[in-house]
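> return atomic coordinates for the entry below.
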Amino acid sequence: VERRQAELLDRVATDCVRKLALLEEEHGRRLQVSEMVRRFQRDETDRVNVGRVETVYMDFENDKELLYDRVEADIREQVERLKREKLEADVSLALWMAGDAQRGKAKKKKPMKRRQVTVTGPYVVYSAREEDIDADWLAIRRATIEADISDRYDPS
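Residues are numbered from 1 along each chain as shown. Model (predicted):
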């Protein structure tokens, strides 16, 4: 028994050495397999993360496109609404102006009778437009004011 124990401690027992070699070989294979499994899991995790990042980016781009389309549609709708309002305003203005024209014609259809003006005394009767009369009156006033000023300051 001591000899067997010494063989086992020195690792020279043939049956134990074979079993030990088989165990070490199996241990090496299991280490390789576990290393490969770890590498495959890491690669799979990397692929999943890359896929998630790509999915999030594509969702972001899709949402951005949808937002741009929605904003563009809103702007187009507002432009169309403003065009319709402008057209309605133009039509309303045209109808209003046509109504004024009709009202003006209605006034012209019913002429008012004017009294004849009787003028007594030395008055000048103008048959000119109101603007011309105002311009003449302004010129007369300026001339009289200038004459008064020159008379005041003229030493002779």
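> can you give me the helices for this protein?
Applying DSSP state H to the chain gives helices spanning 2-10, 14-109, 130-153.
> can you put those helices in JSON lines and add mean neighbour count and distance to Arg115?
(Glycine included, C-beta is placed from N, CA and C.) Below are the helices of the chain laid out as JSON lines (neighbours: other Cβ atoms under 10 Å; distance: least, Cβ to Cβ, whole Å):
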{"stretch": "helix 2-10", "mean neighbour count": "10", "distance to Arg115": "152"}
{"stretch": "helix 14-109", "mean neighbour count": "10", "distance to Arg115": "19"}
{"stretch": "helix 130-153", "mean neighbour count": "10", "distance to Arg115": "19"}
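> redo these as CSV? Include mean pLDDT.
What follows is the helices of the chain, written out as CSV (pLDDT from 0 to 100):
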stretch, mean pLDDT
helix 2-10, 76
helix 14-109, 86
helix 130-153, 84
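> ok, which of the ones you listed comes nearest Gln116?
Taking Cβ to Cβ, helix 130-153 is the member of the helices of the chain nearest to Gln116, at 19.7 Å.
> export that closest one to PDB, keeping only CA atoms.
C-alpha atoms of helix 130-153 as PDB (Å, rounded to 0.1, in the frame of the first residue of the first chain):
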ATOM      1  CA  GLU A 130     -62.700 123.700 -55.200                       C
ATOM      2  CA  GLU A 131     -58.900 123.000 -55.200                       C
ATOM      3  CA  ASP A 132     -58.300 125.900 -57.600                       C
ATOM      4  CA  ILE A 133     -60.300 128.300 -55.400                       C
ATOM      5  CA  ASP A 134     -58.400 127.200 -52.300                       C
ATOM      6  CA  ALA A 135     -55.100 127.700 -54.100                       C
ATOM      7  CA  ASP A 136     -56.100 131.200 -55.300                       C
ATOM      8  CA  TRP A 137     -57.300 132.100 -51.800                       C
ATOM      9  CA  LEU A 138     -54.000 130.900 -50.300                       C
ATOM     10  CA  ALA A 139     -52.000 133.000 -52.800                       C
ATOM     11  CA  ILE A 140     -54.100 136.100 -52.000                       C
ATOM     12  CA  ARG A 141     -53.600 135.700 -48.200                       C
ATOM     13  CA  ARG A 142     -49.800 135.200 -48.700                       C
ATOM     14  CA  ALA A 143     -49.600 138.300 -50.800                       C
ATOM     15  CA  THR A 144     -51.500 140.400 -48.300                       C
ATOM     16  CA  ILE A 145     -49.300 139.200 -45.400                       C
ATOM     17  CA  GLU A 146     -46.100 139.900 -47.300                       C
ATOM     18  CA  ALA A 147     -47.400 143.400 -48.200                       C
ATOM     19  CA  ASP A 148     -48.200 144.100 -44.500                       C
ATOM     20  CA  ILE A 149     -44.800 142.900 -43.500                       C
ATOM     21  CA  SER A 150     -43.000 145.000 -46.100                       C
ATOM     22  CA  ASP A 151     -45.000 148.100 -45.100                       C
ATOM     23  CA  ARG A 152     -44.000 147.700 -41.400                       C
ATOM     24  CA  TYR A 153     -40.300 147.300 -42.100                       C
END
